[in-house]
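*Asks:* Provided below for reference: sequence and predicted model.
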Amino acid sequence: MTVYLVGAGPGDPELLTLKAARLLAAADVVVHDRLAANVLCLAPPTAERIDVGKTPGASVRQAEINQLLVELGASVPTVVRLKGGDPFVFGRGGEEALALQEAGIDWEVVPGVSAAVAAPALAGIPVTHRCVADSFTVVTGHRAEGQGTNWEALAQAGGTIVVLMGVSERGAIAARLIAGGLAPDTPVAVVERASMCVQRVVTTSLVALGDEPIEAPATIVIGNVAGLHLGKALVAK
Ligand SMILES: C[S@@+](CC[C@H](N)C(=O)[O-])C[C@H]1O[C@@H](n2cnc3c(N)ncnc32)[C@H](O)[C@@H]1O
């Protein structure tokens, strides 16, 4: 009996790994998040599907999910815990792995394609690019999760800044990055629903980010690489 913490990628079933597809096809139970629902069709019709998606107002608490996984892991041969993107990138997969480990349940992680790199890529934006950006930082914009984020210091770090869960705080984030020294006209690209048929890319500047109408889920890319989406001449020398 094993609980597999499986990354489902950003949404397009073709961005699932072969291993994830194989485990889904063999699953007895699939415990899934809201953003991972697109690939549920790959599980057998007989597999039980348990939605633990954290929708506002109707969320299943993380402690309850951990407990559910421990109980299933003790009684069901193949449990797939399906999570959007990569399970260990802002996915709370680490907490679930720890709970399973402490309970003596076998578990394995299957990495997935994270929105942190997939969303920019699918908008034609390389997160690193010679002579433009030689590093990238992935950070949460969710106030509860990112209490300690030092945006002013991040502004000084150089490189590309990729913000997940940043839609509602985007204006405040932009203001703090500008206060930290980033130019107000720094290019920004926001990729909504990357890899899905309704993918939308909004290109803007840091100073205007707060005024753009954006819908979650979206990944915010801040830095000169975001200008590449516009076809600007950011050609390596
Ligand atoms: C709770 S985090 C989980 C991240 C996930 N574990 C990963 O590696 O992609 C959810 C955030 O990821 C980003 N995200 C997830 N799927 C996305 C998609 N298809 N398009 C754009 N952003 C996405 C959004 O910023 C969203 O608020």
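*Replies:* Sure thing, it's come through.

*Asks:* Residue 51 reaches residue 37, doesn't it?
*Replies:* Yes: if you go by Cβ atoms under 8 Å, residue 51 and residue 37 touch, sitting 7.5 Å apart. Placement of C-beta: from N, CA and C, glycine included.

*Asks:* These two: which is more packed in?
*Replies:* More neighbours surround residue 37 than the other of residue 51 and residue 37, with 17 against 14 (other Cβ atoms under 10 Å).

*Asks:* quick one, what contacts the more buried one?
*Replies:* Contacts for residue 37 (Cβ atoms under 8 Å, 6 or more residues apart in numbering) come out as 51, 53.

*Asks:* Just give me the neighbour total for the single nearest residue of the chain relative to the ligand.
*Replies:* Residue of the chain nearest the ligand, by Cβ to the nearest ligand atom: residue 85 (1.9 Å). The tally of other residues near residue 85 (other Cβ under 10 Å) stands at 31.

*Asks:* Next, find the distance separating it from residue 35.
*Replies:* If you measure residue 85 against residue 35 using Cβ to Cβ, to the nearest Å, the figure is 8 Å.

*Asks:* now swap in residue 215 and tell me
*Replies:* Taken as Cβ to Cβ, the span from residue 215 to residue 35 is 13 Å.

*Asks:* what's the answer for residue 24, then?
*Replies:* Taking Cβ to Cβ, one finds residue 24 at 15 Å from residue 35.

*Asks:* neighbour-wise, which of those two wins?
*Replies:* Comparing residue 24 with residue 35 by other Cβ under 10 Å, the one with more neighbours is residue 24, at 26 against 21.

*Asks:* Next, the more buried one: secondary structure please.
*Replies:* helix (DSSP: H, G, I helix; E, B strand; the rest coil).

*Asks:* Now it: closest residue in space, sequence neighbours ignored.
*Replies:* Nearest residue to residue 24 in three dimensions, chain neighbours excluded: residue 42, at 4.3 Å (Cβ to Cβ, 6 or more residues apart in numbering).

*Asks:* Looking at that neighbour now. What's its pLDDT?
*Replies:* pLDDT, residue 42: 94.

*Asks:* Can you pull the phi/psi pair for it?
*Replies:* For residue 42, the backbone dihedrals (degrees, to the nearest 10) come out as phi -80, psi -10.

*Asks:* And the next helix or strand past the lengthiest helix in the chain?
*Replies:* Identified as the longest helix of the chain according to DSSP state H is helix 62-73. Per DSSP states H and E, helix 62-73 leads on to strand 78-83 as the next helix or strand towards the C-terminus.

*Asks:* Burial check on residue 217, number of neighbours?
*Replies:* Number of residues near residue 217 (other Cβ under 10 Å) recorded here: 20.

*Asks:* can you pull the contacts of it?
*Replies:* For residue 217, the contacting residues are 35, 115, 167, 192, 193, by Cβ under 8 Å, 6+ apart.

*Asks:* re the thing from before, which residues are in contact with the residue nearest to residue 24?
*Replies:* By Cβ under 8 Å, 6+ apart, the residues touching residue 42 are 13, 16, 21, 24, 25.
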